[in-house]
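> only geometry, no sequence info:
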């Protein structure tokens, strides 16, 4: 479940409480005049309550806490948690609950390759691979929809048929060097995404998320070597912040983000 940031949580909570107040006004003063609307108001109460629990759990995630804190109702402790929910800043950097934007949609490209440790995904089709001595061994079954990328691999690189012992199904095993694999991705102009989190832009692994109804661009220093002169050339919009682990640009509106993406991608 994603994070809910401080201002976003505050505004959504106010809207939810506004919905509860409308329900109270309806059943207190208006119900007798317009009884047909009662079904709508009865249904809206549990929906508002469930949504409030959901965003509270997400806000706990923003603070690096377990969602279980949303259900604590002990005296003093619950008041302390409530204070933090409304007023404490969440983690500036990337935490385990973070969710990136849909890179394929925002980068406006036809193809996207999402690379994981033992699998990659092209246009929602999954392919298993193994890495050994700077070589990729890609497994393609006869039942998969073959992407242009996979068809090219089959035609131009050595492959051999093997059988899965447990099921008896045949598959092709394609061998390709790591450098050739990366060059081919570049030639086909794919969006490279790592674990659905980082998108590769100008040799940087960049994380982009929605935050408080705007956008934030984050560069993790642990996985990026970031020369200052190259960073300036990227012309990233937004308010700049830097600490020991991250370089962060936040408060970016959608038009600024799309213009920047068009410039760098």
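Done, it's in. Computed from a predicted structure; not experimentally measured.
> pull out the buried residues from stretch 6-18.
The neighbour-count check on stretch 6-18 (16 or more other C-beta atoms under 10 Å) flags 6, 8-10, 12-13, 16 as buried. The way it works is simple: take the backbone N, C-alpha and C, and place the C-beta from them, glycine included.
> would you reformat those residues as a markdown table and include distance to residue 237?
Below are the buried residues of stretch 6-18 laid out as a markdown table (distance: C-beta to C-beta, whole Å):
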| residue | distance to residue 237 |
| --- | --- |
| 6 | 22 |
| 8 | 20 |
| 9 | 25 |
| 10 | 25 |
| 12 | 26 |
| 13 | 29 |
| 16 | 32 |
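> in helices only, show me those residues.
Secondary structure from DSSP state H places 6, 8-10, 12-13, 16 of those in helices.
> tell me where the stretch 51-200 of the chain has helices.
Here the stretch 51-200 of the chain has its helices, by DSSP state H, counting those that start in this stretch, at 77-87, 103-107, 148-156, 178-187.
> identify the residues contacting the third one?
Yep, that's helix 148-156 we're talking about. For helix 148-156, contacts defined as C-beta atoms under 8 Å, 6 or more residues apart in numbering pick out 111, 113, 122, 127, 138, 140, 144, 146, 159, 172, 174, 176, 184, 188, 190.
> report how many residues lie close to the third one.
Neighbourhood size, residue 122 [other C-beta atoms under 10 Å]: 20.
> next one: the fifth one
A count of neighbours around residue 138, defined by other C-beta under 10 Å, yields 21.
> same check, this time on the second one
Per other C-beta under 10 Å, the neighbour tally for residue 113 reads 20.
> so which of the helices of the stretch 51-200 of the chain is nearest residue 232?
Nearest of these to residue 232, taken as C-beta to C-beta: helix 103-107 at 22.2 Å.
> in that closest one, what counts as buried?
Under the neighbour-count criterion of 16+ other C-beta under 10 Å, helix 103-107 has 103-104, 106-107 buried.
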